[in-house]
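Novice: no FASTA, just this:
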């Protein structure tokens with residue numbers, strides 16, 4: 001299921017945060033207020049959580065600007081959100097944090113590491129959230145934000 005409204009809102013919030021127009025607290029409040037069952041939007045929102053902390057208020061500028069590799073990953077997420085593609089990666093066992101923690105404790109981290117590696121074999125991990133390189137390349141042919149350039 002694609003929730004166009006939620007995807008558009010999330011893409012805009014991500015763009016504003018990464019461009020330094022919103023601080024981390026404003027971004028957090030905005031993205032977690034988006035209610036949706038669109039798996040792509042939900043998974044990307046969860047992935048964005050790793051970009052910031054809530055210890056202090058700041059913008060992603062100057063010394064806090066993101067490295068180029070992270071910017072590329074975020075651009076790919078925005079491209080996905082603007083596409084009409086359904087999120088096709090399978091559910092992850094770590095969607096149950098207690099299970100992941102318990103498996104990690106009982107196996108000294110070996111089982112979560114193994115399961116992470118196996119999960120990444122479901123598609124082309126290097127173009128996540130796209131499942132395949134072909135999907136990614138096709139989406140790049142029709143970039144929404146550059147359509148009228």
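Specialist: Cool, got the structure. Worth saying up front: this structure is predicted, and the values here are computed from it rather than measured. Residues are numbered from 1 along each chain as shown.
Novice: hey, let's count contacts and neighbours off CA atoms from now on
Specialist: Noted.
Novice: Can you name the residues in contact with the helix or strand where residue 80 lies?
Specialist: Using DSSP states H and E, residue 80 maps to helix 68-82. Identification of contacts with helix 68-82 by C-alpha atoms under 8 Å, 6 or more residues apart in numbering yields 7-8, 10-11, 14-15, 18, 40-41, 44, 127-130, 139-140, 143-144.
Novice: Stretch 113-127 now?
Specialist: Residues contacting stretch 113-127 (C-alpha under 8 Å, 6+ apart): 76, 89-90, 92, 130-133, 136.
Novice: go again using 6 Å as the cut-off
Specialist: The contact list for stretch 113-127 (C-alpha atoms under 6 Å, 6 or more residues apart in numbering) reads 131-132.
Novice: Report the buried residues of that stretch.
Specialist: 119, 123-124, 127 (16 or more other C-alpha atoms under 10 Å).
Novice: for stretch 2-16, same thing?
Specialist: Neighbour counts over stretch 2-16 (16+ other C-alpha under 10 Å) mark 2-4, 6-11, 13-16 as buried.
Novice: Go ahead and list the helix or strand containing the residue nearest to residue 32 when sequence neighbours are not counted.
Specialist: Spatial nearest neighbour of residue 32, excluding adjacent residues (C-alpha to C-alpha, 6 or more residues apart in numbering): residue 45 at 7.9 Å. According to DSSP H and E, residue 45 maps onto helix 39-48.
Novice: returning to what we had before: need the buried residues of stretch 2-16 in JSON lines (columns: distance to residue 82 and secondary structure).
Specialist: What follows is these, written out as JSON lines (distance: C-alpha to C-alpha, whole Å; DSSP: H, G, I helix; E, B strand; the rest coil):
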{"residue": "2", "distance to residue 82": "10", "secondary structure": "coil"}
{"residue": "3", "distance to residue 82": "11", "secondary structure": "coil"}
{"residue": "4", "distance to residue 82": "8", "secondary structure": "helix"}
{"residue": "6", "distance to residue 82": "10", "secondary structure": "helix"}
{"residue": "7", "distance to residue 82": "7", "secondary structure": "helix"}
{"residue": "8", "distance to residue 82": "7", "secondary structure": "helix"}
{"residue": "9", "distance to residue 82": "10", "secondary structure": "helix"}
{"residue": "10", "distance to residue 82": "10", "secondary structure": "helix"}
{"residue": "11", "distance to residue 82": "7", "secondary structure": "helix"}
{"residue": "13", "distance to residue 82": "13", "secondary structure": "helix"}
{"residue": "14", "distance to residue 82": "12", "secondary structure": "helix"}
{"residue": "15", "distance to residue 82": "12", "secondary structure": "helix"}
{"residue": "16", "distance to residue 82": "15", "secondary structure": "helix"}
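Novice: Thanks again, I'm all set now.
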